[in-house]
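[1] Quick one, fold the following:
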Amino acid sequence: MSNPDTARAPGGRRKILVPAGVASLDALRGVFPITEADLAEGRVFVGRTRASSFATPLAEGALVVVEAPVEERASEPAVLHEDPHLLVLDKPADWVTIAERKGQGRALLAWASEGRAASELHATSRLDLGVSGLVTVAKSEPAREAIARVRAEGRYGRAYVAIAEGDVASPEGVWNAPIGRAADPRHRAANGRDATEARSRFLCVAKAPGGRATLLVLFPETGRTHQLRVHAADAGHPLLGDRVYGRGKPIVAANGAVLALERIALHCHRVTLGAPFAQAFTSAIPEALAALWEGLGGATRDLEAARDAATNTLPEPSVADRRELPAPRGRVHAGARGARPRGSGGPRGDHAPRRGPRGGR
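    Numbering: from 1, shown residues only. Sure, this is the predicted structure:
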């Protein structure tokens, strides 16, 4: 491709300047993702004109824009599991877990508290703004204490799928630089002020052609603020889309297009909780990250390998280890928004999302 403009991975608005030698939308599909659904839903524009056919002629340098599907323009969290003690949520990248200052964005815990007593909810894990995936919330004091105990005993497993800049040489290993405060108090730094021990295991699943990027599965063994992002950057391979710890370089696709990613290429894909919970939860890899990897020249099977690696490393806990927690005191708020509580799903712990109406904006 000779002179591409920017292109955003599917899951958002994407656009491109037509390169030389591409005479139609159908021909453009060979170097730029346009689906039949994009066309059928009227979301493909050549200049300001909506395209109605893949036979639409194109001129070199013309701007082609594909708008995001309506349901992807306003992301919403999903409730993956709920019982009297535990709530497991699927956080979109553009939400914060807890709003700590005014104007920070839509807050997951505020959304979850609608129809529930907010004082009963305690987020036992947090994901940064720009990061998507699983967030576990304790709904009772016994659950909060049990999760703290499970975490302290090393039976709280987390697996993240990530895309890092460059060619990570080692097939697997541990990043163990201690993490402390950076000059900016909002940020953290490897070997920063008041640094504390931190450990992150990494597994290289696949590499994009030309050494552009590496698909990783990351397993944090400690829970420091921004840990995975700081460790990846300290190793010389910042996560794509990370404007704080990355280098701010453009993301160049295999066809030469520049991919604009308005999130961090990090997704909490799997969480396992040992006894008394003895449950596992899985969040599907977002389409935006899948399309980014494929845009970099990676294969779909690489993403399947990442899912398998996360599951094999963090298998389903034994049901025999499951124990009943003491009944919560006071009113039990399960199944807000008229939804019914759900169990742990199928044999691999996968959960179908259950979306509620919009809230927490």
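[2] quick one: the strands in the stretch 101-250 of the chain?
    The residue ranges that make up the strands of the stretch 101-250 of the chain, judged by DSSP state E, counting those that start in this stretch, are 122-123, 132-138, 156-165, 172-175, 179-181, 188-190, 193-196, 200-207, 213-220.
[3] Make a markdown table out of the ones you listed and add mean neighbour count, mean pLDDT and distance to residue 86.
    For the C-beta atoms, the positions are set from N, CA and C on the backbone; glycine is no exception. A markdown table is the format used below for these (neighbours: other C-beta atoms under 10 Å; pLDDT from 0 to 100; distance: least, C-beta to C-beta, whole Å):
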| stretch | mean neighbour count | mean pLDDT | distance to residue 86 |
| --- | --- | --- | --- |
| strand 122-123 | 18 | 93 | 11 |
| strand 132-138 | 25 | 97 | 7 |
| strand 156-165 | 25 | 97 | 13 |
| strand 172-175 | 15 | 98 | 30 |
| strand 179-181 | 19 | 97 | 28 |
| strand 188-190 | 21 | 97 | 29 |
| strand 193-196 | 12 | 96 | 28 |
| strand 200-207 | 20 | 98 | 25 |
| strand 213-220 | 24 | 98 | 20 |
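[4] which one of the ones you listed lies closest to residue 52?
    For residue 52, the closest of those is strand 132-138, at 34.1 Å, according to C-beta to C-beta.
[5] circling back to that earlier point, JSON lines for the strands of the stretch 101-250 of the chain, including distance to residue 316?
    Supplementary listing: those in JSON lines, determined by distance: least, C-beta to C-beta, whole Å:
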{"stretch": "strand 122-123", "distance to residue 316": "24"}
{"stretch": "strand 132-138", "distance to residue 316": "15"}
{"stretch": "strand 156-165", "distance to residue 316": "11"}
{"stretch": "strand 172-175", "distance to residue 316": "22"}
{"stretch": "strand 179-181", "distance to residue 316": "31"}
{"stretch": "strand 188-190", "distance to residue 316": "33"}
{"stretch": "strand 193-196", "distance to residue 316": "32"}
{"stretch": "strand 200-207", "distance to residue 316": "19"}
{"stretch": "strand 213-220", "distance to residue 316": "16"}
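[6] Hmm, residue 80 and residue 89 touching each other?
    Yes. When contacts are counted by C-beta atoms under 8 Å, residue 89 is listed as touching residue 80 (6.7 Å).
[7] Find the residues that touch each one of those two.
    Overlap between the neighbourhoods of residue 89 and residue 80 consists of residue 134, taking contacts as C-beta atoms under 8 Å, 6 or more residues apart in numbering.
[8] Figure out which of the strands of the stretch 101-250 of the chain is closest to residue 60.
    Ranking these by proximity to residue 60 (C-beta to C-beta) places strand 213-220 first, at 29.1 Å.
[9] which helices and strands does the closest one pack with?
    Helices and strands touching strand 213-220, as assessed by 3 or more C-beta pairs under 8 Å, 6 or more residues apart in numbering; DSSP states H and E, comprise strand 156-165, strand 200-207, helix 227-234, helix 300-313.
[10] Mind putting these into CSV with distance to residue 93?
    Below are the helices and strands packed on strand 213-220 laid out as CSV (distance: least, C-beta to C-beta, whole Å):
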stretch, distance to residue 93
strand 156-165, 13
strand 200-207, 20
helix 227-234, 13
helix 300-313, 17
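[11] among the ones you listed, which is nearest residue 218?
    Judging those by C-beta to C-beta, what sits closest to residue 218 is strand 156-165, at 4.4 Å.
[12] In CSV, please show the C-alpha coordinates belonging to the closest one.
    Presented in CSV, the C-alpha positions along strand 156-165 are these (Å, rounded to 0.1, in the frame of the first residue of the first chain):
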residue,chain,number,x,y,z
TYR,A,156,-6.2,-16.5,42.7
GLY,A,157,-5.2,-16.9,39.0
ARG,A,158,-5.3,-14.3,36.3
ALA,A,159,-4.4,-14.6,32.7
TYR,A,160,-4.2,-11.6,30.4
VAL,A,161,-3.9,-11.6,26.6
ALA,A,162,-1.7,-8.8,25.4
ILE,A,163,0.0,-7.5,22.2
ALA,A,164,3.5,-6.0,22.9
GLU,A,165,5.7,-3.9,20.7
